[in-house]
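Undergrad: how would this look folded up:
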Amino acid sequence: MNHERDSPGEPFYYKHPSARMIKANLFSVLLLIGVLPLVPAFANPEESTILASPVGLSHSLETGPVCFHLGISKDGQLLGNTKFQGKPAALDSPLGLTVDGVDIGQKIQSIKEQHKGSGEATYAITTQGGQNYFLDVRTYPDGLAIRYRIPSDTPRTIEREQTSFSFPSSTRAWYASGPFQYGWIQSYQDRLTDTIQGELLAPPATFRLPSGTYAAVTEANLTHFHGAVMFGDAPNRIRFGFVDNKGHIESGIPTGMPAMQYAHSEVRDIAWKAFPDASRSEIITPWRILMLASDLNGLVNNNIIREVSNPPDHELFPQGSKTSWIKPGRAVFTWLTQGGASRLSQETYKKYIDGASELGLESVVIDDGWEHWPDKWKDIAELAEYGKKRHVGIWLWRPSSPRFGNRNDIGLEQAEERTAFMKKCAELGVQGLKIDFFHTENAYTVQLMEDILKEAARNKLMVVFHGVNKPTGDYFTYPNLLAKEAVRGLECVGGENNWAPGPPWPYHNTVLPFTRWLAGGADYTPLNFRHSYPPSVTFAHQFATIYVLTSQMLILAADMEDMLSSPGRGFIESVPVVWDETVVLPESSIGELAAIARRKGNTWYLGVLNGEKPRELKSRLEFLSAGIYDLEILADSPNDRKNIQIRRSTFRTGDSLTEDLHSGGGLVIRITRRP
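TA: Predicted coordinates for the structure are as follows:
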C-alpha cells in the first residue's frame, strides 16, 4: 500500500506514482501561466455572511433546513452561500462564467428577482458592461441546484467557469483525482480541503464538514454543453471547470480513444463553443448540484439529480421508464473470463446463453470481436434465435468511434451509420447495445451520446455506455440508458501500477457507494474469481459487490462454471437490479466499511464491503420493522479468503447481528420476515 501523510495527524490519502507525476507537472504548468491563485480569494473564508453590496442587493431562498443566500461583494463579485440546519455548509463563494472573454460574475450592476416560488427562484442579472443573463436557483430539503441561462442566438465561447463552493477549514474530502470520463484513473484521495489547491476533483466529490454534515458536489442535466470537473482553486474552495483530452486537442479528432500516451492526459480550463437552445434562444448550463445530509443514509438517498433532469420525450418513451421494451436486468459477458480467443466464439456464447438461462439471468453481452466474424450478421441472428428459445436476450458491443490506430473500427458518429446499424440489430432481435470508447465529455461527445440514445430508442434498443463520463441525470431523460461505466471496475485489475492506477481495492470499493454511485449506477462488471479477481478482497466481498455496487444493467464478469457451481449461486439467481428502498447502516464509514440494506418487495438484502482492516461488525438492523426474520447468510470462511459459507439463522428485532470480517472481506444476507 502507498499511504502518505502531508503532516502528522492529517488523514492519509492515496497517491499512485504516475498520478502524482501527472498532477505535479500540471500544477507547475498552471502556476507558470497564472491559472492558480497564490493566495485565497477571501481573507477569512470562515465567514459566511454576504459582504456588503455597494447597492445593497441581497436575496435568500429557503426550503426546510437549506437556505441559500445570493449577493454581491464590495468589489462587485457575484457570491452565494448556503446553510444547512442553521449551520454554514458552503461559505461565500464566487459565481459566474467567462463568456467571450468577459467574466459575467464580476462588476454586477443589478440583481432583480424575476420569479420566486416554493423552493425556486430566477434572478435577472446585469453587469456594468451591459451583459444580461439569468441565474436559476432551486433549494431542496437536502441540497441546492444552480444554473445559468444566457440569452443568445449565436454560439458563444466559454473560457472558464467561476461557480465555486467554499467549505470550512478542516473539511474532509473524498474524490477521484482523475476525470471519470477517462474511466481508468480513480486514485481516490482522502484529505482535508485545506490542502486541496491545485487538485482535480472528478464529480461527484464528497465532503464531511467539521459540523458533521455530509456534502457532495456534481452536475446534472448535462445536454448541449461541455461536461465539468472541479478544481481546487484555493484552500477549502473548489471551482467547476472544463478539461479535455490532450490527444483530442492535438489530433483534432473530438472523441474516441486517443493514442495511449494521451490516455490520462487532460488539458484544464479549455475554451470551447456553446450553442444556444434553438427553441429558447439561450445557452443553458447544466445544474451545479450541492447535496447535503446529516448522515450517509441521507446522502445516498438524495434525489436532486432526478428532480432537475429533463423528463423523457413522450414520443420516444410513451410510458417513461415503464415503457414496455425497457427491461432492466442481469447479464453475463466473456471479456474477463478464461479461454483466450475462444471466449469470443459462437460456441462459448451458446454455453453462456445456456448458463444464463439456468441461472435465470436475462441477457448475454457479445463483446468486442464479433464484428470480425466472417458471417457476422448470420451468426448474430443465430445467437439471437438461440437465446430467444431460452428466454435470454442478446446485447452487442460496439465502439462509439474509431480507436486510435485501429483500422477495423467503424464509429457511430455519422447518422447514416447509426441508423443502419441499429435498424439491423432490431431486425435480428438484438435487445441492447454496449457502446464503448467515448473517452471525453466535451460538447461534441455529449451530443453524440444523445444522438445514439435517441436512435436506439427509435429502434427499441436498450443501451449501456462504456469508456464514458459520469452520469448526470441522463438515466432519467433517456430511460433506455441502463448503465454507464465511469468507474474503475474489475476490467482494471492488473493495471494498478500503470494504465489503471488507483488505491487498494478494499479501500476503493468502500469509497464508491458514497462518491461515484451518488450520480447513478455504474458498469463495474462485478463478480470474478479468476484472473480479474483482486487478491486483496475475499470471495464474499465479490458477492457483496453485486448488491452494493448496483446497476439497472448488472453485467457479471465471472466464468460460467464458477457461477453454476458456487455455493452462493442462489445469491446470483436472486439479485434484483431495481430496488424499492435503500438504507445505509450507521456503521458505514467512507473508505472503511460500506454496509447497505436494500429492499425488493418484502425481502431485504444486506450487502457489506469491508475495507483494509479486519473488524467485527455489530448492527441492530434497525431498518427492520418489529418481527421475527429468517436470515440466509453468505460469509467468508474464517480461515480461507477464497471460500464462502452459507449459514441460516433467526433474527428478532432488538437483537444484535455480529459478524467477523476479514481485511477486504464481505457479507451478504437475505432477510425474510416470518408471517
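
Undergrad: When you work out contacts or count neighbours from here on, use the C-alpha atoms and nothing else.
TA: Will do.

Undergrad: In the chain, which strand is the longest?
TA: For the chain, the longest strand by residue count, based on DSSP state E, is strand 640-652.

Undergrad: Run through the neighbouring helices and strands of that strand.
TA: Counting contacts by 3 or more Cα pairs under 8 Å, 6 or more residues apart in numbering; DSSP states H and E, strand 640-652 is packed against helix 539-548, strand 628-637.

Undergrad: Residues contacting it, please?
TA: Contacting residues not belonging to strand 640-652 are listed as 537-540, 567-568, 626-637, 657, 662, 665 [Cα atoms under 8 Å, 6 or more residues apart in numbering].

Undergrad: Quick check: what element follows it along the chain?
TA: strand 657-661 (DSSP states H and E).

Undergrad: In that following strand, which residues are buried?
TA: Across strand 657-661, burial judged by 16 or more other Cα atoms under 10 Å covers 660-661.

Undergrad: strand partners of whatever helix or strand comes next after that strand, parallel vs antiparallel please.
TA: Next helix or strand after strand 657-661 toward the C-terminus (DSSP H and E): strand 666-673. Partners of strand 666-673 in the sheet, by DSSP bridges, are strand 603-610 (antiparallel), strand 628-637 (antiparallel).

Undergrad: if we can go back for a sec, going through the contacts of strand 640-652, which ones are buried?
TA: Buried members of the contacts of strand 640-652, scored by 16+ other Cα under 10 Å, are 537-540, 568, 628-637, 662, 665.

Undergrad: and V583, which of the strands paired with strand 666-673 is closest to it?
TA: Closest approach to V583 among the strands paired with strand 666-673 (Cα to Cα): strand 603-610, 9.3 Å.

Undergrad: Could you list the residues in contact with the closest one?
TA: Contacts of strand 603-610 (Cα under 8 Å, 6+ apart): 506, 509-510, 541, 544-545, 547-548, 592-599, 661-673.

Undergrad: Just the buried positions in that strand, please.
TA: In strand 603-610, counting by 16+ other Cα under 10 Å, buried: 604-610.

Undergrad: Need the CA coordinates for the helix or strand where P506 lies. CSV is fine.
TA: Element membership of P506 [criterion: DSSP H and E] is helix 505-511. What follows is helix 505-511 as a C-alpha-only set of coordinates in CSV (Å, rounded to 0.1, in the frame of the first residue of the first chain):
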residue,chain,number,x,y,z
TRP,A,505,-9.4,-2.4,-3.9
PRO,A,506,-10.9,-2.8,-0.4
TYR,A,507,-10.5,1.0,0.1
HIS,A,508,-11.7,1.8,-3.4
ASN,A,509,-14.8,-0.3,-3.1
THR,A,510,-15.8,1.2,0.2
VAL,A,511,-15.5,4.7,-1.2
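
Undergrad: Can you name every helix or strand that that helix contacts?
TA: Looks like helix 505-511 contacts strand 593-600, strand 603-610 (3+ Cα pairs under 8 Å, 6+ apart).

Undergrad: still on that earlier bit, looking at the buried residues of strand 603-610, which is nearest G247?
TA: L609 (37.1 Å).

Undergrad: thinking again about what came up before, looking at the helices and strands packed on helix 505-511, which is nearest to K618?
TA: Across these, closest to K618 is strand 593-600 (Cα to Cα), at 10.9 Å.
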